[in-house]
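Enquirer: sequence isn't available, so here's the structure alone:
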Ligand SMILES: Cc1cc2nc3c(=O)[nH]c(=O)nc-3n(C[C@H](O)[C@H](O)[C@H](O)COP(=O)(O)OP(=O)(O)OC[C@H]3O[C@@H](n4cnc5c(N)ncnc54)[C@H](O)[C@@H]3O)c2cc1C
Ligand SMILES: NC(=O)c1ccc[n+]([C@@H]2O[C@H](COP(=O)([O-])OP(=O)(O)OC[C@H]3O[C@@H](n4cnc5c(N)ncnc54)[C@H](O)[C@@H]3O)[C@@H](O)[C@H]2O)c1
């Protein structure tokens, strides 16, 4: 017998959790269904623990910069405080009871198990007990994604790492091979290398961070190589094996050996097990198509990574806010994606917002760009060690607005804030040029780039 509720949320990652909390707080009867941990990837195996690792690795890098700036330094890198912090402060040893309690305190019903559509407005949960819900208002798909593992011969028979095992690592491997030089691969490659691992990155395309500006790829590949990471581009693993102790990765006739192998080749939605065909959604689609209010089908909304609009926590939470307002009948503004910000938290951080130059040119806009290198600015000169970076602006010359921007460098993600405002609000570049930027800050490079435009 189906239990009657207002809304069922499938998947309680950042998108589902935010949405379910909003609805429950507003007085709706909401069921949050989660097969793993309430909170999803971000707090347990993603953003938060990985950025704690980055923070620790950056502290080591700053220590190594002391001789160039402030005398001598002796470092003894130790992973145990990092592993401890990931357990104690980030994940509570992968225990979500606090998050479950907070959700229940809002009046939400939490059900642990794997949910699927039993039909329109109907959800079946396979958990400890099988439960069935009839949703009076509708169902929200917020199931995120799964690692998109390439079909490399031999790989499935090995104990390779995804982000889960990398985040759970209690020791630093002597050597690490990373397949995929995207955000996960580049952040974690630098982290483990700074803690002493011998790291090789195999990136299939001709540059790492291939969705960002080529200048960002070049900068990051250069910095990582300088730090001793072997960044190989246009390189794919042809075969992988594991002899019980080490991995062997065959690429271009060569056999690389590594103590651990991290596969970070992207993530994809996994719609098949959700029974979405029962509500008219293609189970083989790469993402759930949504309109501006996150509606995917009558009585069905989708938010977060599963929508394919940018696999970032801030996108998931932004969409969840819109879907919640729509479900509550508040007529929200439609979602906009012209100014999606993203930051790869390497050192230098690579922040970007809106379109890349290539994307803008594809749209046949009258594109003008300007780039300023941080070492050529006053703040970069002062900063000296670790000052790699640049600001790049992509403008529509006819409309006189910025279409996109990149801010790479120390605190590149923070400098991005001003550029995000400019792209989001379509601030005229003439007006931006009349803005004062404090001297000597990194964000003053924006003024110099605007002058160049
Ligand atoms: C290593 C790493 C670092 C990252 N760093 C950042 C960062 O710095 N900044 C940033 O913005 N983003 C970052 N991300 C991306 C971010 O984690 C995701 O964009 C975000 O978690 C997406 O939220 P979501 O709610 O869409 O999905 P998820 O967080 O994936 O949550 C979906 C939940 O649904 C559950 N689920 C799936 N199917 C079912 C089912 N059938 N029934 C019940 N439950 C189900 C899953 O168990 C999961 O808990 C990072 C990701 C990784 C892997
Ligand atoms: N700082 C952040 O915001 C952050 C950090 C980590 C992850 N994330 C999110 O998580 C998602 C997943 O991260 P990711 O790094 O796994 O994916 P990604 O899509 O960012 O990068 C995957 C990389 O793997 C490469 N690749 C694919 N198949 C390959 C193969 N067979 N051999 C070699 N290279 C191959 C791709 O060319 C690409 O460069 C990202 O889309 C990102 O949005 C965000």
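Expert: That came in fine, so what should we check first? Bear in mind that the values here come from a model prediction, so they are computed numbers and not experimental data. Ligands and ions are numbered 1, 2, ... in the order given.
Enquirer: kindly report the residues of the protein close to ligand 1.
Expert: 10-11, 13-16, 33-36, 40-42, 46-47, 50-51, 114-115, 142-145, 163, 184, 274, 304-306, 311-314, 316, 345 (C-beta under 6 Å from any ligand atom). Heads up, the C-betas are built off the backbone N, CA and C, glycines and all.
Enquirer: now the closest residue to ligand 1 within the stretch 351-453 of the chain, nearest residue through space, not along the chain?
Expert: Of all residues in the stretch 351-453 of the chain, residue 413 sits closest to ligand 1, at 9.1 Å by C-beta to the nearest ligand atom. Nearest residue to residue 413 in three dimensions, chain neighbours excluded: residue 343, at 3.6 Å (C-beta to C-beta, 6 or more residues apart in numbering).
Enquirer: that neighbour: neighbour count?
Expert: For residue 343, the tally of surrounding residues (other C-beta atoms under 10 Å) stands at 20.
Enquirer: kindly report the same for residue 134.
Expert: 15.
Enquirer: tell me the SS of it?
Expert: strand (DSSP: H, G, I helix; E, B strand; the rest coil).
Enquirer: mind listing what it touches?
Expert: 2-5, 121-122 (C-beta atoms under 8 Å, 6 or more residues apart in numbering).
Enquirer: try 7 Å this time
Expert: Contacts for residue 134 (C-beta atoms under 7 Å, 6 or more residues apart in numbering) come out as 2, 4, 121-122.
Enquirer: and if you look at residue 137?
Expert: Going by C-beta under 7 Å, 6+ apart, residue 137 touches 6-7, 327.
Enquirer: quick one, domains of the chain?
Expert: The chain breaks down by automatic domain parsing into domains covering 3-39+96-145+269-327, 155-264, 341-452.
Enquirer: now the longest one: average pLDDT?
Expert: In this case it means domain 3-39+96-145+269-327. Across domain 3-39+96-145+269-327, the average pLDDT comes to 97.
Enquirer: sorry, back to before: mind putting the domains of the chain into a markdown table with distance to residue 59?
Expert: Listed next are the domains of the chain as a markdown table, based on distance: least, C-beta to C-beta, whole Å:
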| stretch | distance to residue 59 |
| --- | --- |
| domain 3-39+96-145+269-327 | 24 |
| domain 155-264 | 9 |
| domain 341-452 | 10 |
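Enquirer: helix or strand: which one has the spatially closest residue to residue 94 that is not a sequence neighbour?
Expert: Nearest residue to residue 94 in three dimensions, chain neighbours excluded: residue 44, at 5.8 Å (C-beta to C-beta, 6+ apart). Per DSSP states H and E: residue 44 is located in helix 41-45.
Enquirer: contacts for that helix?
Expert: 13-14, 37, 48, 90-91, 94, 144, 163-164, 167, 313.
Enquirer: tell me the one of the contacts of residue 137 nearest ligand 1?
Expert: Taking the contacts of residue 137 together and measuring to ligand 1 by C-beta to the nearest ligand atom, the closest member is residue 7, at 14.5 Å.
Enquirer: how close does that closest one get to residue 246?
Expert: Using C-beta to C-beta, to the nearest Å, residue 7 is found at 50 Å from residue 246.
Enquirer: one more: residue 388?
Expert: Taken as C-beta to C-beta, the span from residue 388 to residue 246 is 33 Å.
Enquirer: try residue 313
Expert: Applying C-beta to C-beta, the value for residue 313 to residue 246 is 35 Å.
Enquirer: okay, those two: which has more neighbours?
Expert: A count of neighbours by other C-beta under 10 Å puts residue 313 above the other of residue 313 and residue 246, at 20 against 15.
Enquirer: for the more buried one, what are its contacts?
Expert: Counted by C-beta under 7 Å, 6+ apart, residue 313 has contacts 14, 42, 47.
Enquirer: can you go through these and name the buried ones?
Expert: For the contacts of residue 313, a neighbour count by 16 or more other C-beta atoms under 10 Å gives the buried set as 14, 42, 47.
Enquirer: element containing the nearest residue to residue 299 once chain neighbours are set aside?
Expert: Nearest non-adjacent residue to residue 299, counting by C-beta to C-beta, 6+ apart: residue 138, 3.8 Å away. Assigned by DSSP H and E, residue 138 belongs to strand 130-141.
Enquirer: residue 445 now?
Expert: helix 444-452.
Enquirer: residue 250 now?
Expert: With DSSP H and E as criterion, residue 250 is part of strand 247-251.
Enquirer: contacts for that strand?
Expert: Here strand 247-251 makes contact (C-beta under 7 Å, 6+ apart) with 158, 177, 202, 235-241, 255-258, 261.
Enquirer: go again with 8 Å.
Expert: For strand 247-251, using C-beta under 8 Å, 6+ apart, the contacting residues are 158, 160, 177, 179, 202, 232, 235-242, 255-261.
Enquirer: now stretch 271-285
Expert: Under C-beta under 8 Å, 6+ apart, the answer for stretch 271-285 is 10, 114-120, 139, 141, 143, 269, 288-289, 296-300, 306.
Enquirer: what subset of those is buried?
Expert: Counted by 16+ other C-beta under 10 Å, the contacts of stretch 271-285 give 10, 114-118, 139, 141, 143, 269, 288, 296-297, 300, 306 as buried.
Enquirer: what's the following helix or strand after the longest helix along the chain?
Expert: The longest helix of the chain (DSSP state H) is helix 47-69. Toward the C-terminal end, the helix or strand that comes next after helix 47-69 (DSSP H and E) is helix 80-85.
Enquirer: helices or strands next to that next one in the packing?
Expert: helix 47-69 (3 or more C-beta pairs under 8 Å, 6 or more residues apart in numbering; DSSP states H and E).
Enquirer: please work out how many residues are found near residue 70.
Expert: 9.
Enquirer: angles on the backbone of it, please.
Expert: Backbone torsions for residue 70, taken as degrees, to the nearest 10, come to phi -150, psi 30.
Enquirer: just the ones in helices from the buried ones among the contacts of stretch 271-285, please.
Expert: Per DSSP H, the subset of the buried ones among the contacts of stretch 271-285 in helices is empty.
Enquirer: any idea how far the closest residue to residue 289 other than its chain neighbours lies from residue 288?
Expert: Closest residue to residue 289 apart from its sequence neighbours, by C-beta to C-beta, 6+ apart: residue 296 at 6.6 Å. Separation of residue 296 from residue 288 (C-beta to C-beta) stands at 5 Å.
Enquirer: returning to that earlier point: now the residue of the stretch 351-453 of the chain closest to ligand 1: which helix or strand?
Expert: Going by DSSP H and E, residue 413 is part of helix 412-424.
Enquirer: now the helix or strand following that helix: average pLDDT?
Expert: Scanning forward in sequence from helix 412-424 by DSSP H and E, the next helix or strand is helix 429-433. Helix 429-433 shows a mean pLDDT of 96.
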